[in-house]
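**Student:** The amino acid sequence is not available; the structure is as follows:
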């Protein structure tokens with residue numbers, strides 16, 4: 001849906017599929033929304049309504065995200081909070097474990113950091129179309145904020161998750177080393193790649209832990 005809403009803007013960076021196939025893309029997007037709503041209701045009928053409400057909330061957030069692009073701080077925060085929200089499904093299902101809230105916060109911070117780093121890709125075409133932290137504080141300070149968010153992730157991870165913590169530390173080392181040698185843009189790209197790699201380690205650590 002975001003690709004459809006940004007179809008004109010994305011042409012500036014060579015992405016024109018949704019622009020050239022506007023009506024088919026719109027029909028496809030609306031079909032996906034309809035299926036998402038129906039599946040959310042199925043979850044309510046066969047599983048639990050709190051889980052269905054969470055799924056419907058995720059769907060609603062996806063619909064309104066593109067309309068928030070000019071509101072300071074909201075777009076990246078909305079993506080992070082929504083993308084991390086599947087962590088909350090066990091809570092909605094009745095498994096009341098406080099550790100899930102900590103892990104939700106950890107995932108939210110990591111995704112928020114990645115979203116800021118991702119904005120480096122479009123920093124030349126975003127001004128005037130989308131609000132980003134880069135426009136407010138610049139490249140160097142944005143990288144410092146990314147690093148601060150990622151450092152906050154480590155103490156929030158489940159204590160047995162040593163592999164995940166090691167993955168986050170490796171991510172930070174790679175990102176900082178790239179900042180030293182290759183400038184802000186290269187550092188942001190390495191940070192995105194490192195976050196994705198660290199996510200794999202975190203997942204392995206959680207599912208491989210006898211306490212998970």
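**Tutor:** That came through fine. Quick caveat: nothing in here was measured; it's all calculated off a predicted structure.
**Student:** Do a quick rundown of the strands in the protein.
**Tutor:** With strands called from DSSP state E, the chain shows none.
**Student:** Identify the residues contacting residue 106.
**Tutor:** 153, 156, 157 (Cβ atoms under 8 Å, 6 or more residues apart in numbering). In short, each C-beta sits where N, CA and C put it, glycine included.
**Student:** Relative to residue 192, how far out is the first one?
**Tutor:** I take that to be residue 153. In this view, residue 153 and residue 192 are 15 Å apart by Cβ to Cβ, to the nearest Å.
**Student:** Between those two, point out the one with more neighbours.
**Tutor:** residue 153 (24 against 20; other Cβ atoms under 10 Å).
**Student:** and the more buried one, what is it in contact with?
**Tutor:** 106, 109, 110, 113, 168.
**Student:** Any idea how many residues pack against the third one?
**Tutor:** Neighbouring residues of residue 110 were enumerated by other Cβ under 10 Å; the total is 25.
**Student:** Mind picking the one among the contacts of residue 153 that's closest to residue 20?
**Tutor:** Using Cβ to Cβ, residue 113 comes nearest to residue 20 of the contacts of residue 153, at 33.5 Å.
**Student:** hang on, that closest one packs against residue 149?
**Tutor:** Yes: using Cβ atoms under 8 Å, residue 113 is in contact with residue 149, at 4.1 Å.
**Student:** These two: which is more packed in?
**Tutor:** Set residue 113 next to residue 149 and count neighbours by other Cβ under 10 Å: residue 113 wins out with 27 against 18.
**Student:** Spit out the contact partners of that one.
**Tutor:** Contact analysis of residue 113 by Cβ under 8 Å, 6+ apart lists 146, 149, 150, 153, 191, 195.
**Student:** If we use 7 Å, what do you get?
**Tutor:** Neighbour list for residue 113: 146, 149, 150, 195 [criterion: Cβ atoms under 7 Å, 6 or more residues apart in numbering].
**Student:** wait, what's in contact with residue 83?
**Tutor:** So residue 83 contacts residue 111 (Cβ under 7 Å, 6+ apart).
**Student:** what's the distance between it and residue 41?
**Tutor:** Applying Cβ to Cβ to residue 83 and residue 41 gives a distance of 22 Å.
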